[in-house]
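# Any chance you can model this:
(chains A and B)
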Number of protein chains: 2
Amino acid sequence: MVVNQQQYRTIWHESNLNDAGVVSKVVRVIDQTQLPHAFEVLFISNLSQMVEAIKTMQVRGAPLIGAAAAYGIALATQEDASDASLERAAGHLLRSRPTAVNLRWAVERMLGVLSLQTVEVRSELAWIEATLICDEDVSLNQAIGAHGLGILRQLHASQSRTINVLTHCNAGWLATVDFGTALAPIYAAHDAGLSVHVWVSETRPRNQGASLTAWELGQHGVAHTVITDNAGGHLIQQGLVDIVIVGADRVTITGDVCNKIGTYLKALAAYQGDCAGRRVPFYVAAPTPTIDWTIEDGIRDIEIEERAAEELIGMVGRLKDGRVATVNILPEGTQVLNPAFDVTPAKWITGIITEHGVFAPHQLHGLRGRT
Amino acid sequence: MVVNQQQYRTIWHESNLNDAGVVSKVVRVIDQTQLPHAFEVLFISNLSQMVEAIKTMQVRGAPLIGAAAAYGIALATQEDASDASLERAAGHLLRSRPTAVNLRWAVERMLGVLSLQTVEVRSELAWIEATLICDEDVSLNQAIGAHGLGILRQLHASQSRTINVLTHCNAGWLATVDFGTALAPIYAAHDAGLSVHVWVSETRPRNQGASLTAWELGQHGVAHTVITDNAGGHLIQQGLVDIVIVGADRVTITGDVCNKIGTYLKALAAYQGDCAGRRVPFYVAAPTPTIDWTIEDGIRDIEIEERAAEELIGMVGRLKDGRVATVNILPEGTQVLNPAFDVTPAKWITGIITEHGVFAPHQLHGLRGRT
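Sure thing, here's the model as predicted:
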């Protein structure tokens, strides 16, 4: 993705020569807690910094968390590549965010590769494998973009006007290594000259729609309008939404989708459709590493992360003088509950856009052998 | 309602002796744009101040807007009680907020009463009629509280534990002259010793849940927890909500309900119920002045007010040092759409709690003669 005329991924690594003349590797990530107010690229030089960056959501988005976790293992091997060290690192990373399955997938893949090798070569291999996970994520998302573009082309052919896509949270470039999941088809459509407009759901409490999706769509020149999370149902009812596309933090083998809190409500509204009874298709864009092959009932079996009350209480923004500040919007001492995700049962979902193509939720299990 | 050990209504009038020795009347209102950060009572001494207070939502909530409009007419008569002046005042008030029907109802009632009288006595009668509208609102809401209490008692009897009520926006004391509509049954239950807990939906973009409902429930000592608007569906799915009660800005004769944006999504989720398939009852508390007897199709025929983008862009809160400030949460120049209300079709609504009792949406038309 291009930011200020420069090509970026959300995560990469660099070699660093320290004062003692020793070369080590550091990971660079865009600090997503600073957007849209500032564009800052962090240095992450050890495992605990990476765990902290994941916990505080400086890096976030299921695919990107997977890549970050892979790099976390690579950072750990730089200090100690023993089995014990790898197990410890894996534990820290797995506990940092409980819901996204890509994190577990990436950690298990890294440990699977490294445990077969001698301790001496593990660190070098870890950086290679983490890089491979990043490159693969880019390819998966490009494929999702191509498959999703097919859906948007069909809609465009039947409507002959701008296609209005509603999305939630940020499942864009910033949620992945590049291109995004839910936004990949939108970027592909825009680049192919299709007229597309995106309704960006604010996504309280952390405003990833308002602060990240609006920002990255703006950087790419895609037409978009920010709405409150409350407005999605009304717009669908009024016939102002042609398709809903969201990302996922975990998809079950049966096609239940765990995604940012509020996704479920949009799925219900899309299923009801507009006031003339026309259903609005509801798609989930997710690469296969987001599929949890071990879970059949998403509502019963997916752990929903509860995050700090401060996320809801404190709102970050720019003051009139341009300084970034946090304001407290609640009465003092108000109790808050802040679940970060919800589960949309498969029955409300039109299709899952994967790197292998578009599937109805009940067809997902057939993909198992292919990943 | 009691605030800081003092009994308050949201609106009342006082006599004022000015420097020239002339006695005139002024209206006092609680400035709801300052809550929960400050409790301030405004002086409103002419029509244009009242129109501005309604537009800027210093006074808001369908029943309170009705009372405020009645006082607006009374203020207008103080300067000029001619037919032309009354018509002009009515026009200004009717244009101030297009969706809530109580405003039109109150203005038409005031003009109906005053137009039968000579110009000389109109002002005195206007203050009497406006006061009567306020007193009636209090009675209507007490009756709604009593009828709603019956529903909560039944739930309590069948569950024998704390009843969890989900509400949206503020349909409490602050939205009316006193007691509230949706919150009236909750206050009645609390005062009757029933154990009740309220899930308070934040209600973006103006946060009336987080800033007003949380504040007034806190003043009254009712247990409550603030959640994002996105979280309502998840809580319902998890079985953590026993009943949804919301207010209304306009109810059609067929039982469609126009209320704060986001209400429709909650109704859909309540109808789906919890993951075991148990539906959650969805009630709308509304006095009969909120019913628009002229409209049959709420989606087609109710004008939905679009409010300024700034409501979504700028978030008001307290800085660390206690000062109240507004922060801009969006990337510079982002386009915004801000519809203030949505329409929930009658089929998703369990019942309407009116001052005459609880009715299924299709029974509402039978109330027409009784108001």
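# And stretch A:340-352, end to end?
21 Å (CA to CA, to the nearest Å).
# which residues sit in contact with the closest residue in space to residue A:4 that isn't next to it in sequence?
If the residues on either side of it in the chain are set aside, residue A:4 comes closest to residue A:39, at 7.2 Å by CB to CB, 6 or more residues apart in numbering or on different chains. All C-beta atoms are positioned from the backbone trio N, CA, C, and that covers glycine. By CB atoms under 8 Å, 6 or more residues apart in numbering or on different chains, the contact set of residue A:39 is A:3-4, A:30.
# any idea of the mean pLDDT for the longest helix anywhere in chain A?
When chain A is parsed with DSSP state H, its longest helix is helix A:119-159. Per-residue pLDDT over helix A:119-159 has a mean of 97.
# Centroid-nearest residue for chain A?
Note on chain A: the residue nearest the mean C-alpha position is residue A:61, at 2.6 Å, using CA atoms, centre = their mean.
# show me the contacts for that one.
A:170-171, A:174-176, A:247.
# do you know how far it is from residue A:190?
20 Å (CB to CB, to the nearest Å).
# coming back round to it: contacts for the next helix or strand after the longest helix of chain A?
As assigned by DSSP states H and E, the chain's next helix or strand after helix A:119-159 is strand A:163-168. Contacts to strand A:163-168, defined as CB under 8 Å, 6+ apart, come from residues A:152, A:155-156, A:182-183, A:186, A:189, A:194-201, A:203, A:209, A:213, A:229, A:232, A:235-236, A:240-246, A:259-260, A:262-263, A:266, A:270.
# chain center to strand A:163-168: distance?
Distance, stretch centre to chain centre, for strand A:163-168: 16 Å (CA atoms, centre = their mean, to the nearest Å).
# now swap in stretch A:338-345 and tell me
That offset, for stretch A:338-345, works out to 14 Å (CA atoms, centre = their mean).
# Run the contact check for it versus chain B.
Yes. Applying CB under 8 Å from any CB of the partner chain, one finds stretch A:338-345 in contact with chain B at A:338-339, A:341-343.
# so which of these comes closest to chain B?
The closest of those to chain B turns out to be residue A:342 (CB to the nearest CB; 3.8 Å).
# Not including adjacent chain positions, what is the nearest residue to that closest one?
Nearest to residue A:342 is residue B:234, by CB to CB, 6+ apart, at 3.8 Å.
# Hmm, residue A:245 and residue A:148 touching each other?
Yes. With contacts counted by CB atoms under 8 Å, residue A:148 reaches residue A:245, the gap being 6.8 Å.
# Find residues that contact each of those two.
Counting by CB under 8 Å, 6+ apart, the contacts common to residue A:148 and residue A:245 are A:185-186, A:283, A:285, A:353.
# Tell me where the stretch 201-350 of chain A has strands.
A:223-227, A:243-246, A:250-252, A:257-260, A:282-285, A:291-292, A:314-318, A:324-328, A:341-344 (DSSP state E, counting those that start in this stretch).
# what stretches of chain A score poorly on pLDDT?
The model of chain A has pLDDT under 70 over residues A:371.
# now, the most widely separated pair of the contacts of residue A:61?
A:174 and A:247 (11.0 Å; CB to CB).
# which one of the two has more residues nearby?
For residue A:174 and residue A:247, the more surrounded residue by other CB atoms under 10 Å in any protein chain shown is residue A:247, and the numbers stand at 31 against 25.
# what's near enough to touch the more buried one?
A:61-62, A:169-171, A:175, A:180-182, A:259-260, A:284-286.
# now with 6 Å?
A:171, A:181-182, A:285 (CB atoms under 6 Å, 6 or more residues apart in numbering or on different chains).
# do you know how far it is from chain B?
Residue A:247 is 15 Å from chain B, where distance means CB to the nearest CB, to the nearest Å.
# can you list the domains in chain A?
A:2-136, A:151-367 (automatic domain parsing).
# okay if I get these as TSV plus distance to residue B:334?
Output for the domains of chain A, formatted as TSV (distance: least, CB to CB, whole Å):
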stretch	distance to residue B:334
domain A:2-136	8
domain A:151-367	5
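# Can you say which of the ones you listed is packed in most?
Among those, ranked by average contacts under mean count of other CB atoms under 10 Å in any protein chain shown, first place goes to domain A:151-367 (a mean of 22).
# Can you give me the end-to-end span of that domain?
One end of domain A:151-367 sits 20 Å from the other (CA to CA).
# One more: stretch A:215-233?
Counting by CA to CA, you get 23 Å between the two ends of stretch A:215-233.
# circling back: for the contacts of residue A:247, which two are the farthest from each other?
A:171 and A:285 (6.5 Å).
# and the stretch 201-350 of chain A, which residues reach chain B?
Applying CB under 6 Å from any CB of the partner chain, we find that the stretch 201-350 of chain A lies next to chain B at A:204-205, A:207, A:210, A:214-215, A:218, A:225-231, A:233-234, A:261-262, A:264-265, A:268, A:275, A:299, A:315, A:317-319, A:325, A:327-331, A:334-337, A:339, A:342.
# Nearest to chain B: which residue in the stretch 101-250 of chain A?
Residue nearest to chain B within the stretch 101-250 of chain A: residue A:230 (2.9 Å; CB to the nearest CB).
# again but with the stretch 1-150 of chain A, I slipped
Counting by CB to the nearest CB, the stretch 1-150 of chain A gets nearest to chain B through residue A:36 (3.9 Å).
# so what's that residue up against?
Here residue A:36 is in contact with A:211, A:215, B:331 (criterion: CB under 6 Å, 6+ apart).
# Now tabulate those residues in TSV and tack on distance to residue A:294.
TSV is the format used below for the contacts of residue A:36 (distance: CB to CB, whole Å):
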residue	distance to residue A:294
A:211	33
A:215	35
B:331	39
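# partners of residue A:314 in the sheet?
Beta-bridge partners for residue A:314, by DSSP bridges, are residue A:328.
# I'd assumed residue A:325 was in contact with it.
No. Look at residue A:314 against residue A:325 with CB atoms under 6 Å: they stay out of range, at 9.7 Å.
# What separation is there between the residue nearest to residue A:281 when sequence neighbours are not counted and residue B:63?
Nearest non-adjacent residue to residue A:281, counting by CB to CB, 6+ apart: residue A:350, 4.3 Å away. Separation of residue A:350 from residue B:63 (CB to CB) stands at 42 Å.
# same deal with residue A:312?
Residue A:312 is 29 Å from residue B:63, by CB to CB.
# same thing with residue A:337?
Counting by CB to CB, the separation of residue A:337 from residue B:63 is 29 Å.
# Could you do residue A:331 as well?
Remark: distance between residue A:331 and residue B:63 (CB to CB) = 23 Å.
# Likewise for residue A:162?
41 Å.
# Might one say that residue A:69 is in contact with residue A:92?
No. With contact defined as CB under 6 Å, residue A:69 does not reach residue A:92; the gap is 9.8 Å.
# how about the residues of stretch A:338-345 next to chain B, which pair is most distant?
Top of the distance list for these (CB to CB): A:338 and A:343, 16.4 Å.
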